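Colleague: The sequence and its predicted three-dimensional model are supplied below.
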Amino acid sequence: MTETEVPHLQGFNQRTVVVDDISVAGTHEPFVEHVSFTAPPGEVTVVPTDPGIPQVALALAIGGRVELMRGRIRIGAGSDLADLQLRTRLVDVADVTAPEDTIAVKAVVEEELALAEKPAGRAAVAAFLEAHDLSDRATRPWEQLPAGVRTSLLLELGALHPMVRVLVLAGPERHGGDHTVWLETCRRLAETGLTVIVLTTAATAASLPADLGSPDDTAHDTAYDTAHDTAVDTADEPDVEADPAADADEPNLPKEPSA
C-alpha cells in the first residue's frame, strides 16, 4: 500500500508523533513509565531518558517493536504496530540496530543501504563513501570513525528508506565526541520533512540548544520527496561480502511482538 492510499498519512501534519502516557514492562519493574511527548515533523525533538535499557525500551516502543503496558503511540491517526514499524527507523539503538564496532565501514554502509531498499553493491557503497570523503576508510573498523561521523552516517542511511517518516536516535551520548556533529545532521534531515526524535540523557539534553528547528509546512514535504527520489541513485553491481552487525538483544530487554 502506498502513502497516497492511506488517508491518515496524507499531508504534512500527519507525520506528527504523539506519545501519550506510555509504559513498557520490564523484568521486575517498568523499563519506561508514564512518558508523554509530541514530536512534529520538521523539528528535532529531544526526549530526556535514562541511559541504557530505558532508552532502548522507549525506542522500541516508538518504533512499534514492543507491546505497551499502558498508553498509546501514533503517527498522525495511525497507531497500530505495523504502521509504526513501517514509518520509523531506529538509529544506532544499542544491542538492536547499532553496528558492531569491529565491522568494516563498507560493510556497515552496505547493510544499511540494503535495509533502506537501495542498491547495495560495490558501486553504490563506493559512491556513498566517496560522497562522504570516506573512501580511504572503507576497510577500517567502524569504531575507528569519529563518534559524530558514525552517528551522522547512520542517521543519513536510515533516512533513505522511501517509507520512513520518523527517525529515532537512541543514546548518541554513549559514544562521546562532539554532539554538534550529529545534531547538525538531525537538523538537516528534519528540514526535509522528517520527524526526528533523539532519546538522550537529561545532562546531554540540557546542553543542547533550545531551538532545534520549526516546520515550514509544505516546503518540507517537497524537500523530503525530492531527497528520497534522488538519494543513492547509483547502478548496482554484485554485492561485496558483508559482515552484518548482530542484532541480539540482551536477555532482559523488552521483547518484540511475534508476527
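Modeller: Perfect, thanks for sending it. Numbering: from 1, shown residues only.

Colleague: Quick check: buried residues in the helix or strand containing residue 183?
Modeller: Using DSSP states H and E, residue 183 maps to helix 179-190. Neighbour-count burial for helix 179-190, counted by 16 or more other Cβ atoms under 10 Å, picks out 179, 181, 182, 183, 185, 186, 188, 189, 190. Using the backbone N, CA and C atoms, a C-beta is placed for each residue, glycine as well.

Colleague: Need the residues that contact that helix.
Modeller: For helix 179-190, contacts defined as Cβ atoms under 8 Å, 6 or more residues apart in numbering pick out 41-44, 146-149, 151-152, 155-156, 159, 167, 169, 172-173, 196, 198, 204, 207-209, 212-213.

Colleague: These, buried ones only, as a PyMOL selection?
Modeller: Buried members of those, defined by 16+ other Cβ under 10 Å, are picked up in PyMOL with:
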select buried, resi 41+42+43+44+147+148+149+151+152+155+156+159+167+169+172+173+196+198+204+208+212+213
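
Colleague: Looking at the contacts of helix 179-190, which are in helices?
Modeller: Among these, the ones falling in helices (DSSP state H) are 147, 148, 149, 151, 152, 155, 156, 204, 207.

Colleague: Okay, the third one and residue 134: tell me how far apart.
Modeller: Just to be clear, that refers to residue 149. Residue 149 sits at a distance of 8 Å from residue 134 (criterion: Cβ to Cβ, to the nearest Å).

Colleague: Okay, now the unreliable bits of the stretch 51-200 of the chain?
Modeller: The stretch 51-200 of the chain contains no residues with pLDDT under 70.

Colleague: rerun at 80
Modeller: Residues of the stretch 51-200 of the chain meeting the criterion pLDDT under 80: 77-79.
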